[in-house]
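**Q** this is a predicted model, with the sequence first.
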Amino acid sequence: MELIAIGCSAIFVLSFRGVIHTWAMGKRGPVYVAMFKPLEIVFAVILGITFLGDSLYIGSVIGAAVVVIGFYAVIWGKTQEKVEEDCTVYSSESSDNEVPRLQNKRMGE
């Protein structure tokens, strides 16, 4: 009976995680989904300490800090990239009077 419960739990968690990752990829892109993968390890360590009584080692704390700092550095870099991209689009639209090379017009119009 315990094996059936473990199997059902694993199937539920894997399917739920797949749905969340697919939703996040559709919303923000694959970089954000990939960046949350290392945070799963940090959450597992925290939950293991909280609920299972695992011991906390200094290596775990340093590793978690490195993962979190790297996560926030990538997120910060993506927001800076997005801001620069938005500024470039607005500045090129306002100062450039050329016709775009590719247009969404039909041949008959």
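**A** Right, received. Where do you want to start?

**Q** remind me, longest helix of this structure?
**A** helix 58-95 (DSSP state H).

**Q** residue contacts, the residue nearest to the spatial centre of the chain?
**A** In the chain, the residue lying closest to the centroid (CA atoms, centre = their mean) is Tyr32, at 2.0 Å. Tyr32 is in contact with Ala24, Met25, Ile75, Lys78, counting by CB atoms under 8 Å, 6 or more residues apart in numbering. Using the backbone N, CA and C atoms, a C-beta is placed for each residue, glycine as well.

**Q** now with 7 Å, please.
**A** Tyr32 makes contact with Ala24, according to CB atoms under 7 Å, 6 or more residues apart in numbering.

**Q** check which helix or strand covers it.
**A** Per DSSP states H and E: Tyr32 is located in helix 30-52.

**Q** could you tell me which residues within that helix count as buried?
**A** Tyr32, Val33, Met35, Val42, Val45 (16 or more other CB atoms under 10 Å).

**Q** CA atoms of it as PDB?
**A** The C-alpha coordinates for helix 30-52 follow below in PDB (Å, rounded to 0.1, in the frame of the first residue of the first chain):
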ATOM      1  CA  PRO A  30      13.000  29.000 -21.300                       C
ATOM      2  CA  VAL A  31      15.700  31.000 -19.400                       C
ATOM      3  CA  TYR A  32      13.400  31.500 -16.500                       C
ATOM      4  CA  VAL A  33      12.400  27.800 -16.300                       C
ATOM      5  CA  ALA A  34      16.000  26.700 -16.500                       C
ATOM      6  CA  MET A  35      17.000  29.100 -13.700                       C
ATOM      7  CA  PHE A  36      14.400  27.600 -11.300                       C
ATOM      8  CA  LYS A  37      15.900  24.200 -11.600                       C
ATOM      9  CA  PRO A  38      18.800  24.900  -9.100                       C
ATOM     10  CA  LEU A  39      16.300  26.500  -6.700                       C
ATOM     11  CA  GLU A  40      14.500  23.100  -6.500                       C
ATOM     12  CA  ILE A  41      17.600  21.700  -4.800                       C
ATOM     13  CA  VAL A  42      17.600  24.600  -2.300                       C
ATOM     14  CA  PHE A  43      14.000  24.000  -1.500                       C
ATOM     15  CA  ALA A  44      14.600  20.300  -1.100                       C
ATOM     16  CA  VAL A  45      17.400  21.000   1.500                       C
ATOM     17  CA  ILE A  46      15.100  23.500   3.400                       C
ATOM     18  CA  LEU A  47      12.200  21.000   3.400                       C
ATOM     19  CA  GLY A  48      14.500  18.200   4.400                       C
ATOM     20  CA  ILE A  49      15.800  20.200   7.400                       C
ATOM     21  CA  THR A  50      12.300  21.300   8.400                       C
ATOM     22  CA  PHE A  51      10.300  18.100   8.100                       C
ATOM     23  CA  LEU A  52      12.800  15.300   8.100                       C
END
